[in-house]
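**Student:** Sharing a sequence plus its predicted fold:
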Number of protein chains: 2
Amino acid sequence: MSKKYVYAFGAGKTDGGAEMKLELGGKGANLAEMSKLGMPVPPGFTITTEICTFYEKNEGYPDSLRGEVAASLASIEKEMGAKFGDTQNPLLLSVRSGAPASMPGMMDTVLNLGLNDETVEGLIKRTDNPRFAYDSYRRFVSMYGDVVLGLKPESKFDEDPFEVLLHAKKKARGVELDNELSADDLKELVSEFKGAIKKQLGLDFPEDPMEQLWGAISAVFSSWNNMRAVEYRRIYRIPANWGTAVNVQTMVFGNSGDDSGTGVAFTRDPANGENRFYGEFLMNAQGEDVVAGIRTPQTIDKLEAINKQAYDELVVNYKKLESHYRDMQDLEFTIQDKRLWMLQTRDGKRTGLAAMQIAADMVDEKLINREEALLRIDPESLNQLLRPVFDRADKQAATDSGRVLAKGLNAGPGAASGKAVFSAPDAVDWKKRGEQVILVRIETSPEDIKGMNAAEGILTAQGGMTSHAALVARQMGKVCVAGCGALAIDYSKAQMVVGGKTVKEGDWISIDGTTGEVIEGQLKTLPSEVLQVMLEKTMKPADSPSFQLFDKMMSWADDYRRLGVRTNADQPDQAAQAIAFGAEGIGLCRTEHMFFGGDRISAVRQMILSEDEAGRRAALDKILPMQRADFEGIFRAMEARPVTIRLLDPPLHEFLPHSEKDIADVAKDMGVSADKVKQRNEALHEFNPMLGHRGCRLGITYPEVYEMQVRAIIEAACVVKSEGIDVHPEIMIPLTGHVSEMKITEELSKRIADQVINEKGVKLDYLVGTMIELPRACLVADQIAEHAEFFSFGTNDLTQTTYGLSRDDVRNFLPFYVENDLYKVDPFVSIDQEGMGQLIKMGIKKGRGARPKLKVGICGEHGGESDSVEFCHREGFDYVSCSPYRVPIARLAAARGALRDKQK
Amino acid sequence: MSKKYVYAFGAGKTDGGAEMKLELGGKGANLAEMSKLGMPVPPGFTITTEICTFYEKNEGYPDSLRGEVAASLASIEKEMGAKFGDTQNPLLLSVRSGAPASMPGMMDTVLNLGLNDETVEGLIKRTDNPRFAYDSYRRFVSMYGDVVLGLKPESKFDEDPFEVLLHAKKKARGVELDNELSADDLKELVSEFKGAIKKQLGLDFPEDPMEQLWGAISAVFSSWNNMRAVEYRRIYRIPANWGTAVNVQTMVFGNSGDDSGTGVAFTRDPANGENRFYGEFLMNAQGEDVVAGIRTPQTIDKLEAINKQAYDELVVNYKKLESHYRDMQDLEFTIQDKRLWMLQTRDGKRTGLAAMQIAADMVDEKLINREEALLRIDPESLNQLLRPVFDRADKQAATDSGRVLAKGLNAGPGAASGKAVFSAPDAVDWKKRGEQVILVRIETSPEDIKGMNAAEGILTAQGGMTSHAALVARQMGKVCVAGCGALAIDYSKAQMVVGGKTVKEGDWISIDGTTGEVIEGQLKTLPSEVLQVMLEKTMKPADSPSFQLFDKMMSWADDYRRLGVRTNADQPDQAAQAIAFGAEGIGLCRTEHMFFGGDRISAVRQMILSEDEAGRRAALDKILPMQRADFEGIFRAMEARPVTIRLLDPPLHEFLPHSEKDIADVAKDMGVSADKVKQRNEALHEFNPMLGHRGCRLGITYPEVYEMQVRAIIEAACVVKSEGIDVHPEIMIPLTGHVSEMKITEELSKRIADQVINEKGVKLDYLVGTMIELPRACLVADQIAEHAEFFSFGTNDLTQTTYGLSRDDVRNFLPFYVENDLYKVDPFVSIDQEGMGQLIKMGIKKGRGARPKLKVGICGEHGGESDSVEFCHREGFDYVSCSPYRVPIARLAAARGALRDKQK
């Protein structure tokens, strides 16, 4: 027996079912399923996705296919009492794509197939409606001419050739709307369309319905590889080898008269998730008319008054479908001569808010359980509940009036308006004067931290999704548009030119970090309700359904997740925010941010400019009390939660001034010559600072720096512990690559820590561990674990070294790589599980082999990305750590990881 | 029975033997072995190295040790007819260290032990020589006071306290030499020495000989961890856990009268390997007198006239020892009262030349076979035969007159003199005028290539052993001193200040790339004979014994090695050199060097400055014929040998000018504005160029560049093939990290190559493969191997990314790491087998898993380092590739790898 490639469907009888999505595509599987449920599905058949792969390989169709198609066609003819190609009562067909994953509008469709100069007469006879028949015919010819025969506009600046003819016809007849054309006009158009095809392509329009059918089937299969579809698959990570199925189905007409109509509906509100039947329809129209927006559709409830039987049947069907599929459905239906036909059902797209609302309601309705509910929510969608947004009307007005100036990377979600400033000190000054500012920089550096903090949002001309600006902005929860190449910034004039307009210092601009748009002028922004409740406390929980929803999701997630979730925070206020979002500790407290700021930076510079250890120690003595105070603040904010503090990591030259003026100022402050500052700058200059004198290499060559930091940490812990808070400091060594580095820094840390504990006479437990952010650290993790009580994977740097990619230098090729599918996903966004993942697994296995109780976490940006969090769950991490605003996402992703484990 | 910790030795009887080096140390094992051979060894015993490890761990000595020592001592007393501590005929002992590996002079020794105020009288009675007895006594007290009791100079600026007293005594007695002091003077000194110990340390000098003995034993054990010893072990990679043994031996005195004497001898000439008895001696002296150089020793042949019996016995012994040990021996002997005593034998140190000569002679003498001969030669020592050298007298004169100005890294061995120039164009100009120059730069860049080539040697202030200057110098065979921090170079004045002197442009300087010295003025240099024969052809092979020796070693090595040896060469002359040295192909031909040079660089810049692909293609069309001509030259030089050509690798900004003047010049040449050049420079600027837009990332974003290069390679191959040479081009893709990169560039390469082959109608085989120089490439090597016919490990970059270390930025910490033993060896010098080695193994295993016949090579600098070459042999590489001058070293190392396999 040869393999089965064709599956029939139709009311009450089918070979397929919803479980066959991979073979039949989503549409075909659901048509089969609706058929099984006894719904009025226009009969048809599905050709499996397997044929698409034959077709793609140019292997031709298998021998048995034509026979199967013919048999199915015969069966439809019998069912419908009509014949394909018949001149009296012709069966007309639609031919549509249907892939295993939804790819709406990406592939091609042919409707009204089977019409020719003879069968059109049969259609007229059957419907007694020549205008309808010729309208269907001209639609078919243009659709077929475009999709199958390939008659396209010559360039993107030209109009569709069929539209041109249609337009000319309307002009000649002195009418404005298509439906003002007569049957004869439309008949002429059919002929003119065919003429255009002949003239431009040299092809005769196929009159043979079977030839039409096979042409359409092949065209739909080949549309799997059109540019739009390929692009869509890339974005949504749909495998190219899945292929599409082809659905051949009896045409039903919503435009065959006033008793006909067509509509789309959702079983719940896709915008907010409300449990109500939601949709719209048009009488005497085809599906495309509903979408085209020429006539305004009616809301679905109005259908009851027009055709109660059909409406009631539709209501029964939608309820049956939703409870059958146990999810919100997106339906298409047509009414032909008063009779309801169900054309499609599928899981409905919805906003993040709706997804949560629907999932929560369905749990209440006992339609699904909590586990299913959590698995239905994309963790990223939580972001929609957390970000400030522009007032919708304001934004629309700005768009309509052409005030969107440029688009950059949507690096920090949310919306912000402010007066443009072009330097960090200006941002601080303006903020002090009570102004609201957007900091605009070519790129940002650690020196800009205070300015970034003072700004409502950050806009940069260079740098990617993980550039300094983007990283810091996300950590601060600031709105950020990065890498907006269209900005021509001129610091000397304190202005930029963008989209042909000049934005001067003090001019209002707005940036949408969710879309990447840069907008002229001021727009009204609103914080989300969740934040108003949780952080601002300006709203009560009871007053905010969206907060309640958020809170419910989070509590369910926490019930299931095993993985801990910590935050990356350097300041008490960030720590407090993160706790509100559910952080269970700090996974990465960077100490270098504490090295900036008025008094400190000059002490830090004094240290760097010192000739010898004694000079450095004198400077460090000034920094010690300030660092200690910082740590005290953080420990108090975090209470009994663990706090992982990374010792100094960045190269020292980041702390020195670089412009002539700054150098002169610093030299004056320090009482040294400008030449000396310059010399030190030169001595510290590095060709590849990422791979230079930083991390523990600093702490080993200048042990007095790490000694000061460990002392500050442990002294602060002793102080706060004395206040009755059970402090858990974890000292983290950066950039370890060799066991010797870990051994030396572990010894240093323990020596100083124990000394301080002895001095203070306070009982205090602490850990010493390391970042794992170099390939070599993974390779010798067993040795390193002998001296480290925890590993925290620094996946930003690990990605950089594993790939040999500097995240600051990818602008000229990484976008190209991602667009052209060289990388399935930007490895700075989601952990490269295939490559770097091997190093991480090796690191954990070796590390735990040497120290079974080794605590393992991640503190790179990936710690807040849902796929990466699930990876961390699977690989047995103890916790992930991410920026405060991503803590909820990590909590949900962690729960989903645990639930997927359970499913296995 | 308790474990044995003490092994006795003495003429004709012993418990130990030469095979027990690990337990008895080299000295103890050889004393035992000489005893076995019946030689006159002063009786004694060895305490095993195991005790050293007890001692180190502060575990104390095992209970049984004292008993064993006492028993051995009793046996010696019996043998010598003397008693330890006896007032009539006292036995005196030496206590010496002796580790499993030779560590000459690193640890402590105590002689004449057993003397006190009573036993000294016995010694006087026995020898009838009070002066000798008190001289021995005062030497013992000062040695014991220093080594065991720890009376040292207070600082390194102070004199030895015992020397101070000795000096005072001589002054008081009005004499100049030690031996002008009388027995009474020396007796007073003993007392004064003891007084100084009491005064400064508060210790009474131990009069009890047993207390003396145990004090000395412990002191020698603890000297295993003195700073000198630890440093020595680090340099020679001797494991710290080996420990030292302690040898306690009967004292024999070469200074007990005119019938006594002492000497050292080698069984062959250690400088040139000549087979003759070589050594020197002094009558009436102790060993230290021979070394101290106060009296001039006599050559060994003079001994025959003084004491024929002892001399004849010594000759019998040396011949017996050399044939017994089957290696050149380094002997110590003493004659006491006319009687010969053998004190030590060990394998003698020798120069590289001597090592080869002795090994070759011993093969002729059938003492050893060729395999043993090869295993005895350190491949690095071949360098000594290949490098130009300073005239010895000239160099000595320069050193004596203080003209050595500074010391840098010995980055490119050899000797060079020339006039200092401070820019590459100057080097070229001066060379054209017939001048001999040393190019002095803060650091070098690819733009300096021509200047480096024009110079005799290169001197840089920054950069390590694998900096650009060092790499290129070694590849060119140029002398190079790199990273000489003491240079204060001022380009604007064309001068430098170093060692307090100003060296101006045109001043003669000399650099010794073998020692790192920078010397003022001109020194005479000579090329090695091997080069005069092989490359300069100014000497006939028959006239040069050292060439013959070299040639013999190489031909033996080639008989045993499995591993292929290729060279890294970019130019026909380098290729020819490498072939002379035995290279079997080119493993790395860098194409970027070909992008510099008059006409080319302007076309390259035109390409980089182009706005679009069309502009780039126009520029590339100009470069094509030049690249093709380059490849033709290389193919012709290499004849039928395979040539691996790497497509463009460095970031484009390396080709643009950076100084204002150069920018202006280039802009003028190109007919564009200087601003445009600057803009392009800025657009191409990278924070971490090592991790930026380079390697295949360039070829993928600008495919036209790789297309041009592949076309140039294959066109050239077709031309040369048509001349009857069987060309084997191998196209190598740099910096592959993801299978997609390999897939795209493989397709591009094959498409263009096959197109050219079709055009030319020439039958040509070629390969397409890749550098493996990123950790990720090793992790997904199976995927990459599907599209690559060969892997060439680029271990320079792989080291950089595995460690997260930029080799250009290590100056502030890598030297510290190596000095302080954090890294056992600089990973840029020798492959990090422990860490990166895992990635290499994984890469090969996965690669060959996917493509069993995958060709595997290495083209990093490690390919010419002997340990790394042996690693490559073990791991199944097909070939190593290194700079021409290191090809002989690689050949020998490859043979040694194969021989070690055989030994297993």
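**Tutor:** Structure's in. What do you need?
**Student:** So in chain A, which helix runs the longest?
**Tutor:** Counting residues, the longest helix found in chain A (DSSP state H) is helix A:613-638.
**Student:** counting contacts, what elements does that one pack onto?
**Tutor:** Packing partners of helix A:613-638 (3 or more Cβ pairs under 8 Å, 6 or more residues apart in numbering or on different chains; DSSP states H and E): helix A:572-580, strand A:586-590, helix A:598-609, strand A:642-646, helix A:703-722. The way it works is simple: take the backbone N, C-alpha and C, and place the C-beta from them, glycine included.
**Student:** could you point out which element follows the one helix or strand in chain A whose mean pLDDT sits lowest?
**Tutor:** Lowest on mean pLDDT, DSSP states H and E among the helices and strands of chain A sits helix A:287-292, with a mean of 65. Remark: after helix A:287-292, the chain's next helix or strand is strand A:298-299, criterion DSSP states H and E.
**Student:** For whichever helix or strand comes after that next one, name the packing helices and strands.
**Tutor:** With elements assigned by DSSP H and E, the helix or strand that comes after strand A:298-299 is helix A:303-306. Counting by 3+ Cβ pairs under 8 Å, 6+ apart, the packing neighbours recorded for helix A:303-306 are strand A:261-266, helix A:308-325.
**Student:** For stretch A:11-18, what does the pLDDT average out to?
**Tutor:** For stretch A:11-18, mean pLDDT is 81.
**Student:** How about stretch A:270-285?
**Tutor:** Averaging pLDDT along stretch A:270-285 gives 86.
**Student:** Would you mind writing the CA trace of it as CSV?
**Tutor:** Extracted as CSV, the C-alpha positions of stretch A:270-285 are listed here (Å, rounded to 0.1, in the frame of the first residue of the first chain):
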residue,chain,number,x,y,z
PRO,A,270,-7.8,39.3,22.5
ALA,A,271,-6.8,42.8,23.8
ASN,A,272,-7.7,42.4,27.4
GLY,A,273,-8.8,38.8,27.7
GLU,A,274,-12.4,39.6,28.8
ASN,A,275,-14.6,36.5,28.6
ARG,A,276,-17.1,37.7,25.9
PHE,A,277,-17.7,36.7,22.3
TYR,A,278,-15.8,39.3,20.3
GLY,A,279,-15.8,39.7,16.5
GLU,A,280,-17.2,41.4,13.5
PHE,A,281,-18.9,40.6,10.2
LEU,A,282,-20.1,42.0,6.9
MET,A,283,-23.1,40.9,5.0
ASN,A,284,-22.8,40.2,1.2
ALA,A,285,-19.0,40.2,1.4
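**Student:** So what sits opposite A:Q329 in the bridge?
**Tutor:** A:D347 (DSSP bridges).
**Student:** Compute the number of surrounding residues for it.
**Tutor:** A total of 24 residues lie near A:Q329 under the criterion other Cβ atoms under 10 Å in any protein chain shown.
**Student:** So the most centrally placed residue in chain A, which state does it fall into?
**Tutor:** Residue closest to the average C-alpha location in chain A (Cα atoms, centre = their mean): A:E380, at 6.6 Å. Following DSSP: H, G, I helix; E, B strand; the rest coil, we place A:E380 in the helix state.
**Student:** and it, how far is that from chain B?
**Tutor:** 25 Å (Cβ to the nearest Cβ, to the nearest Å).
**Student:** So which bits of the longest helix of chain A are buried?
**Tutor:** The neighbour-count check on helix A:613-638 (16 or more other Cβ atoms under 10 Å in any protein chain shown) flags A:616-617, A:619-620, A:622-624, A:627-628, A:630-638 as buried.
**Student:** now it and helix A:572-580, what's the angle there?
**Tutor:** 40 degrees (axes from the mean of the first three to the mean of the last three Cα atoms, to 10 degrees).
**Student:** what angle do helix A:613-638 and helix A:703-722 make?
**Tutor:** Counting by the same axes, to 10 degrees, helix A:613-638 points 30 degrees away from the direction of helix A:703-722.
**Student:** how far does helix A:613-638 sit from the chain's center?
**Tutor:** Distance of helix A:613-638 from its chain centroid, counting by Cα atoms, centre = their mean, to the nearest Å, is 40 Å.
**Student:** now swap in stretch A:884-893 and tell me
**Tutor:** Worked out by Cα atoms, centre = their mean, stretch A:884-893 lies 14 Å from the chain centre.
**Student:** pLDDT on that stretch, on average?
**Tutor:** Here the average pLDDT along stretch A:884-893 is 95.
**Student:** same question, stretch A:245-260
**Tutor:** On average, stretch A:245-260 scores 92.
**Student:** end to end, how far does it reach?
**Tutor:** 29 Å (Cα to Cα, to the nearest Å).
**Student:** which element is the closest residue to A:L899 other than its chain neighbours on?
**Tutor:** Spatial nearest neighbour of A:L899, chain neighbours left out: A:E371 (5.1 Å); criterion: Cβ to Cβ, 6 or more residues apart in numbering or on different chains. Assigned by DSSP H and E, A:E371 falls within helix A:370-375.
**Student:** buried set for that helix?
**Tutor:** Buried, per 16+ other Cβ under 10 Å, within helix A:370-375: A:370-371, A:373-374.
**Student:** again with stretch A:209-218
**Tutor:** A:209, A:212-218.
**Student:** Just these: which are in helices?
**Tutor:** Going by DSSP H, the helices hold A:209, A:212-218 from the buried residues of stretch A:209-218.
**Student:** In those residues, find the pair that's most separated.
**Tutor:** Greatest spatial distance in those: A:P209 and A:S218, 15.1 Å, computed using Cβ to Cβ.
**Student:** how about the CA coordinates for stretch A:543-551, as PDB?
**Tutor:** The C-alpha coordinates for stretch A:543-551 follow below in PDB (Å, rounded to 0.1, in the frame of the first residue of the first chain):
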ATOM      1  CA  ASP A 543      -8.100  48.900  42.800                       C
ATOM      2  CA  SER A 544      -6.000  47.300  40.100                       C
ATOM      3  CA  PRO A 545      -7.200  44.200  38.400                       C
ATOM      4  CA  SER A 546      -4.000  44.100  36.300                       C
ATOM      5  CA  PHE A 547      -1.900  44.100  39.500                       C
ATOM      6  CA  GLN A 548      -4.000  41.300  40.900                       C
ATOM      7  CA  LEU A 549      -3.500  39.400  37.700                       C
ATOM      8  CA  PHE A 550       0.200  39.900  37.800                       C
ATOM      9  CA  ASP A 551       0.400  39.000  41.400                       C
END
